[in-house]
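S.K.: Next input, structure requested:
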Amino acid sequence: MNADPNPKSVQQTGDGAEPITLEGFGPKDLYQKREKIFTRFVGGFYQRLRFFSGWPLLLGYFLVPLLNWGDRQAILFDLPARQFHFFGLTIWPQDFWLLGWLLMIAAFGLFTVTTVVGRLWCGYTCPQTVWTAIFMWIEQFAEGPRHQRMRLDQAPMSFEKLRKRTVKHVMWLGFAALTGIAFVSYFVPVRELIPDLLTFDVSLMVVSWIVFFTLATYINAGWMREQVCKYMCPYARFQSAMFDKDTLIVSYDERRGETRGSRKRGVPSPELGDCIDCQLCVQVCPTGIDIRDGLQYECIGCAHCIDACNQVMDKMGYEPGLVRYTTFHALEGGEIRWLRARSIGYALICLVLIGAFIAALLNRSSFAFDVLRDRGELYHESAEGIRNDYQLKIMNKTQSPASYEIAVESPDWVELASQSDVTIEPGEVVNLAMSLRASAPVSANSEVVLKVCRAIDDRCVSEETRFLSPMSQTGAR
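M.R.: Numbers count the residues shown, from 1 in each chain. I've put the predicted structure just below:
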């Protein structure tokens, strides 16, 4: 018997069970083509709030590289020199464990915020949200409001359509290029980068990174938009693990809004709810969902639907808040509980991590040193005793010159037979030839502790090494 490769229905029967029919099941249903979203502009309280939260971050991103700290850029990731400058603080590769600590603090901070107020980060401060809003504003400026953009998209190619699309994409690419240049300026001093770009005297590596981030911004904010939030961002996937019935979410009050139906203003409709089914909440949504269908992972909490619905409620003479920030408990008639075991636990962990990070940062050594045995002879015998040679590397991790003193901490029968002090310039690494001498018989392999102290504050760092001697000598002390 030949089976139908694309069955229209599948029936499953059992004892006392009714047949189950799955209409239209087949490979063609496993993938749904993306539907282009044409958002409608809406004002309101929450959009003003998003304006005052997004624009300072946007301006900060572009303007921070222009700030100076002394004779250098205030924030600069100097990869060739392996120095990361944050105003007066310099981070070296040896301090990268601090970066891991910062990531843990950011993670638990995000967990705390998400547990209490939901996707506040996504809706108000996420770079994808902020940059997408800028690109959508550019699109509206070049092509007009929602209904004009929809007509333009369906219209055949013409000079007017080509002109509007060209203006839009040129503005998109221009803003994306500014974004790419600003990003690279955190790694290449901006006061060197801009003149080099204007005179076309810039390295291929720098140009490649600018082009890469320009295209990434252009594609993510201009073309992919909500696809980044829905399919590429992991936050949308694991947020449900941090939500509970007291987490603040954007929600539709179904008990108040149903049954939906259109009506005239001022005409009472006892059989209908407050929702007039105007579809504005769908038209303003940047991810294209209908909030009336319940909580969905695509919702980024931007509150466009709240502002749109509140304006409609105001025009109809109804109480605002049909769509609002609320919780499942509040929708069921309960009270919002801000303090819960989960949110308190996340907050306490975050505070402990912040405190430990600050303590570690304050107690971080301002210099580092390493001692390596000379690769020549293992030891040298002379009338003065047994000598071992080493290479000592001292790194000044501060932004000012410093003097350092070298000494043997233990044992007392080993003495320094070379230079005992050195002055090092800011951010410099100095290699010193160092010798240790033992005037008494020692064991074949003895442990020695070296100490380097900074002269200005007597802060010291110790390091262990080995002192070697002939195997025939004994009598270790």
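
S.K.: now what about stretch 357-370, what contacts it?
M.R.: Residues outside stretch 357-370 that contact it (Cβ atoms under 8 Å, 6 or more residues apart in numbering): 89, 92, 94-95, 98, 101-102, 105, 392-398, 402, 404, 424, 452, 454, 459, 461, 463. The way it works is simple: take the backbone N, C-alpha and C, and place the C-beta from them, glycine included.

S.K.: Keeping just the C-alphas, turn it into PDB.
M.R.: Taking C-alpha atoms only, stretch 357-370 is exported to PDB below (Å, rounded to 0.1, in the frame of the first residue of the first chain):
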ATOM      1  CA  PHE A 357      34.600  43.000  44.200                       C
ATOM      2  CA  ILE A 358      35.100  46.400  45.800                       C
ATOM      3  CA  ALA A 359      37.300  44.900  48.500                       C
ATOM      4  CA  ALA A 360      39.300  42.900  46.000                       C
ATOM      5  CA  LEU A 361      39.700  46.000  43.800                       C
ATOM      6  CA  LEU A 362      40.900  48.200  46.700                       C
ATOM      7  CA  ASN A 363      43.400  45.500  47.800                       C
ATOM      8  CA  ARG A 364      44.600  44.800  44.300                       C
ATOM      9  CA  SER A 365      48.400  45.000  44.100                       C
ATOM     10  CA  SER A 366      49.700  48.000  42.200                       C
ATOM     11  CA  PHE A 367      52.600  46.000  40.800                       C
ATOM     12  CA  ALA A 368      53.500  42.400  40.000                       C
ATOM     13  CA  PHE A 369      56.700  40.500  39.600                       C
ATOM     14  CA  ASP A 370      57.800  37.100  38.300                       C
END
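
S.K.: coming back round to it: sort out which of the contacts of stretch 357-370 are in helices and list them.
M.R.: 98, 101-102, 105 (DSSP state H).

S.K.: List just the nearest of those to Leu295.
M.R.: When those are compared for distance to Leu295 (Cβ to Cβ), Ile105 wins out at 28.3 Å.

S.K.: What distance do you get for that closest one to Leu331?
M.R.: Counting by Cβ to Cβ, to the nearest Å, the separation of Ile105 from Leu331 is 33 Å.

S.K.: how does this protein divide up, domain by domain?
M.R.: 244-331, 367-468 (automatic domain parsing).

S.K.: which one of those domains is the most hemmed in?
M.R.: Most buried of the domains of the chain by mean neighbour count (mean count of other Cβ atoms under 10 Å) is domain 244-331; its value is a mean of 17.

S.K.: How far off centre is it?
M.R.: 32 Å (Cα atoms, centre = their mean, to the nearest Å).

S.K.: Then stretch 344-361?
M.R.: 19 Å.

S.K.: Mind listing what's buried along that stretch?
M.R.: 346-347, 349-350, 353 (16 or more other Cβ atoms under 10 Å).

S.K.: Also stretch 88-98?
M.R.: Of the residues in stretch 88-98, 90-92, 95, 98 count as buried by neighbour count, 16+ other Cβ under 10 Å.

S.K.: Report the mean confidence score over that stretch.
M.R.: In this model, stretch 88-98 has a mean pLDDT of 81.

S.K.: Run the chain-centre distance for the helix or strand hosting Leu152.
M.R.: If you go by DSSP states H and E, Leu152 is part of helix 146-154. With Cα atoms, centre = their mean as the basis, helix 146-154 stands 35 Å off its chain's centre.

S.K.: Could you point out the helix or strand that follows it?
M.R.: Counting by DSSP H and E, the next helix or strand C-terminal to helix 146-154 is helix 159-184.

S.K.: Could I get the buried residue list for that following helix?
M.R.: Residues of helix 159-184 classed as buried: 164-165, 168, 171-172, 175-177, 179-184 (neighbour count, 16+ other Cβ under 10 Å).

S.K.: same deal with stretch 150-158?
M.R.: Within stretch 150-158, the residues that count as buried by 16+ other Cβ under 10 Å are Leu152.

S.K.: Output the contacting helices and strands for the helix or strand bottoming out on mean pLDDT in the chain.
M.R.: None of the helices or strands of the chain scores lower by mean pLDDT, DSSP states H and E than helix 235-238, at a mean of 79. For helix 235-238, the packing partners by 3 or more Cβ pairs under 8 Å, 6 or more residues apart in numbering; DSSP states H and E come out as helix 120-124.

S.K.: So which of the contacts of stretch 357-370 are in strands?
M.R.: 89, 392-396, 402, 404, 424, 452, 454, 461, 463 (DSSP state E).

S.K.: which stretches of the stretch 351-477 of the chain have low pLDDT?
M.R.: 440-444, 471-477 (pLDDT under 70).

S.K.: What segments of it are helices?
M.R.: With DSSP state H, counting those that start in this stretch as the definition, the stretch 351-477 of the chain shows no helices.

S.K.: What residues of stretch 99-107 count as buried?
M.R.: By 16+ other Cβ under 10 Å, the buried positions in stretch 99-107 come out as 101, 105.

S.K.: can you pull the pLDDT of the nearest residue to Leu173 once chain neighbours are set aside?
M.R.: Counting by Cβ to Cβ, 6 or more residues apart in numbering, Leu173 lies nearest to Tyr218, which is 5.9 Å off, once chain neighbours are set aside. Per-residue confidence (pLDDT) for Tyr218: 97.

S.K.: Could you do Val113 as well?
M.R.: For Val113, the predicted pLDDT is 91.

S.K.: Please, where are all the helices along the stretch 201-350 of the chain?
M.R.: Counting by DSSP H, counting those that start in this stretch, the stretch 201-350 of the chain has helices at residues 204-217, 226-227, 235-238, 254-257, 280-283, 304-316, 328-331, 341-362.

S.K.: among the ones you listed, which is nearest Phe52?
M.R.: With Cβ to Cβ, the closest approach to Phe52 among the helices of the stretch 201-350 of the chain belongs to helix 304-316: 14.5 Å.

S.K.: elements contacting the closest one?
M.R.: Using 3+ Cβ pairs under 8 Å, 6+ apart, the elements in contact with helix 304-316 are helix 45-63, helix 280-283, strand 323-326.

S.K.: Quick check: which of the ones you listed is nearest to Leu193?
M.R.: Closest of those to Leu193 is helix 45-63, at 13.3 Å (criterion: Cβ to Cβ).

S.K.: And the contacts of stretch 169-186?
M.R.: Taking Cβ under 8 Å, 6+ apart as the rule, stretch 169-186 contacts 61-62, 65, 75-77, 131, 134-135, 138, 141-142, 193-194, 197, 206, 209-215, 217-218, 221-222.
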